[in-house]
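Asks: Predicted model and sequence follow; I will ask about them next.
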Amino acid sequence: MENNYVLDLSTLSRELKLLLKISVIENHGLDKSLNSELFDDIDWVLFLQLARHHRIYPLIYSKLKRIDKTYVPHHVIESLYQKYKKNTFQMLHLCGEMEQISKLFNESNIRLLFLKGPVIAHDLYGDISLRTSKDLDVMISITDLKKAEELLLSIGYEKENQPNFLNEWKWRNHHIAFFHMEKKIQIEVHWRLEPFPSKEPSFNELWERKRTSTITRFHVYFLGKEDLYFYLVSHGARHGWFRLRWLLDIDQMLKKGLNLDKTEKLFKKYQRQHLGGQALILASQLLKTPINERMKFSTVGNRSEELSEWSIFFIKEMNQYNFPKEYTVLLKTKTQLFLTKMKAFYPNSVDVETIKLPKSLHFLYFILRPFLLIWRKRRKHA
């Protein structure tokens, strides 16, 4: 089966199209692939804004510094350089903390996987300065969560405020953030890859397939290749692919090659085929990523196509917060949609603030929850 579906990219700005073009050109082919016409009538303020928003300014700078200097105003290159330099220091800072945290957790017998950060930048781009990361994302077994929390608090990290009525965090969250005031570093500790009720591999499975990074002296573990691809696709889809950085990660992984048997098995087992198709459509049409013939089958289907159309809108409008209900419905399976609706009836700390009950009667919040939701909604619109 062949997919002849083509996204409408005619509404993308010249600035965004130029960013896309530059981001995927190999360094040795820069002069041949770029011509002066591409740089005509460019709004350089918007160009810089887009590069910052999509978090791809390090990669763009690494390309632009090698081209004919008459194409791009000096102040644009200088602005990109300053951002690139700041990001390089940030990544080195995170890299040092990553090694220390890995060693500390290892000494405390806590299995630790790094999901993103410098380790991913090095694995995908071969250079930690070419990708941005604002924090460190790690994953542990939920059974080690209390121990990990105590460990991070003991070395100066502070835990974010986390409502915890009737263990609601287990249902409503998949990570907790810790921030170190002196180091200005945030660590997100995950016990799931994605929020409940998505189906995903267990921590033990991910641990068995882990890889070891070579960028630090002390070993740092991160996701296996196919698990990382599965995670990046799921994460990008959940956020509507509104940042091109995530799509460039997919581009890099596909170019480096994947075990297609393992990849297909993962996406089928956890019902993410439509998300895999969305990622392939976007990567192939926005970034000209070469798609293996065997993978093209995944791009066939109305859900993948509709999801891709929504993502073009999010990318174009730089929409990063308000995803419409239609997009959310397309993302999830029927079972996930049902469980998401059921989750809405699980009591939370807001219910406690609305009506105070003694601990012995907390079970009544499950009965009262629908009525409290209606009451708060009516009060809000009164």
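Replies: Nice, I can see it.

Asks: so the closest residue in space to residue 327 that isn't next to it in sequence, which of the three states?
Replies: Closest residue to residue 327 apart from its sequence neighbours, by C-beta to C-beta, 6 or more residues apart in numbering: residue 310 at 4.7 Å. Every C-beta, even on glycine, is put in place using the N, C-alpha and C of the backbone. Secondary structure assignment for residue 310 (DSSP: H, G, I helix; E, B strand; the rest coil): helix.

Asks: so who does residue 310 touch?
Replies: Contact partners of residue 310, counting by C-beta atoms under 8 Å, 6 or more residues apart in numbering, are 240, 324, 326-327, 330.

Asks: What separation do you get for it and residue 334?
Replies: 19 Å (C-beta to C-beta, to the nearest Å).

Asks: Quick check: pLDDT value at the residue nearest to residue 327.
Replies: pLDDT, residue 310: 94.

Asks: now swap in residue 30 and tell me
Replies: Residue 30 is given a pLDDT of 58.

Asks: Also residue 179?
Replies: 96.

Asks: cool, residue 372 as well?
Replies: 72.

Asks: Likewise for residue 163?
Replies: Looking at residue 163, its pLDDT reads 63.

Asks: Is residue 157 bridged to anything, and to what?
Replies: For residue 157, the beta-bridge partners are residue 180 (DSSP bridges).

Asks: Give me the below-cutoff pLDDT ranges for the protein.
Replies: By pLDDT under 70, the low-scoring segments of the chain are 1-4, 27-33, 163-172, 297, 300, 320-321, 363, 365, 380-382.

Asks: Now do the strands in this protein.
Replies: 113-114, 136-139, 157-159, 175-180, 185-190, 211-213, 220-222 (DSSP state E).

Asks: and the angle for the longest helix seen in the chain with strand 185-190?
Replies: Longest helix in the chain, counting residues (DSSP state H): helix 74-107. When axes from the mean of the first three to the mean of the last three C-alpha atoms, to 10 degrees is applied, the directions of helix 74-107 and strand 185-190 differ by 60 degrees.

Asks: relative to strand 175-180, how tilted is helix 74-107?
Replies: 100 degrees.

Asks: Check which residues of helix 74-107 are buried.
Replies: By neighbour count on 16 or more other C-beta atoms under 10 Å, the buried set for helix 74-107 is 76-77, 79-80, 83-84, 87, 90-91, 94-95, 97-99, 101-105.

Asks: that older thread, how about the contacts of residue 310, which pair is most distant?
Replies: Spanning the widest gap among the contacts of residue 310 are 240 and 326, at 11.6 Å by C-beta to C-beta.

Asks: okay, these two: which has more neighbours?
Replies: residue 240 (25 against 10; other C-beta atoms under 10 Å).

Asks: What sits closest to the residue nearest the centre of the chain if chain neighbours are left out?
Replies: Most central in the chain under C-alpha atoms, centre = their mean is residue 235, positioned 4.3 Å from the mean C-alpha point. Ranked by C-beta to C-beta, 6+ apart and with sequence neighbours excluded, the top spatial neighbour of residue 235 is residue 246, at 6.9 Å.
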